[in-house]
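**Student:** let's see this in three dimensions:
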Amino acid sequence: MTGKKIGYIRVSSPDQNPDRQLEGIDLDKKFIDYATGKNMHRPQLIALKNYAREEDIVIVHSMDRIGRNVKDILNLVDYFLENGIQVQFLKENLVFKDRKDPVANCILTIFAAVAEFEYSLIKERQMEGIAIAKKEGRYNGRPSSWTEEKESLMKKYLKTDIPKTKIAKKLGISRAMLYNYMKNIKQQQII
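**Tutor:** Below is the predicted model of the structure:
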């Protein structure tokens with residue numbers, strides 16, 4: 001093989017350690033995303049797709065690192081294979097060189113379905129746990145990242161001609177969230 005060995009790693013958040021996924025694997029280049037697997041528009045995944053060339057091999061720890069459902073996993077593997085790029089999943093011990101092999105196609109589809117099923121079970125258990133915790137009064141939701149300092153800055157920015165989109169960006173929130181905070185402040189002033 002004359003192509004490059006390219007690693008793709010995905011963890012859901014920056015506080016997770018990505019190093020364990022391809023530990024000890026000799027790679028020419030590595031792409032690491034800190035994002036959910038639900039979204040296929042991840043910056044490093046897009047960079048990987050633009051970087052990889054014919055005869056390269058993309059090495060991934062496991063199928064659930066590239067996608068959360070069968071369709072996304074199959075589409076991504078197909079993309080690489082159509083461009084002459086092999087795909088290897090270490091955990092599943094699978095290498096895909098093309099889509100001509102019916103057994104490989106069947107195995108890919110089955111393993112992708114299992115990855116999707118596992119994710120669904122995890123989410124289901126998580127929701128059950130949250131429901132129980134709420135019932136017992138132990139669940140308050142995700143802690144708010146909104147601070148008095150941010151509120152003070154928002155009030156200051158709103159007195160200027162800065163567009164709402166730019167204000168939201170400066171505060172690190174969405175525009176919709178900015179409007180929610182503005183609405184809450186107006187309601188507090190009425191009371």
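
**Student:** any idea which helix is longest in this protein?
**Tutor:** helix 102-135 (DSSP state H).

**Student:** mind listing what's buried in it?
**Tutor:** Buried positions in helix 102-135, judged by neighbour count with 16 or more other Cβ atoms under 10 Å: 104-105, 108, 111-112, 115-116, 119. C-betas here are computed from N, CA, C, even on glycine.

**Student:** how much space separates the residue lying closest to residue 12 once chain neighbours are set aside from residue 163?
**Tutor:** Nearest residue to residue 12 in three dimensions, chain neighbours excluded: residue 36, at 5.7 Å (Cβ to Cβ, 6 or more residues apart in numbering). Distance of residue 36 to residue 163, given as Cβ to Cβ, to the nearest Å: 29 Å.

**Student:** mind checking pLDDT for residue 14?
**Tutor:** On pLDDT, residue 14 comes in at 80.

**Student:** hmm, it is touching residue 34, no?
**Tutor:** Yes. In terms of Cβ atoms under 8 Å, residue 14 counts as a neighbour of residue 34; the distance is 4.8 Å.

**Student:** these two: which has the busier surroundings?
**Tutor:** residue 34 (16 against 8; other Cβ atoms under 10 Å).
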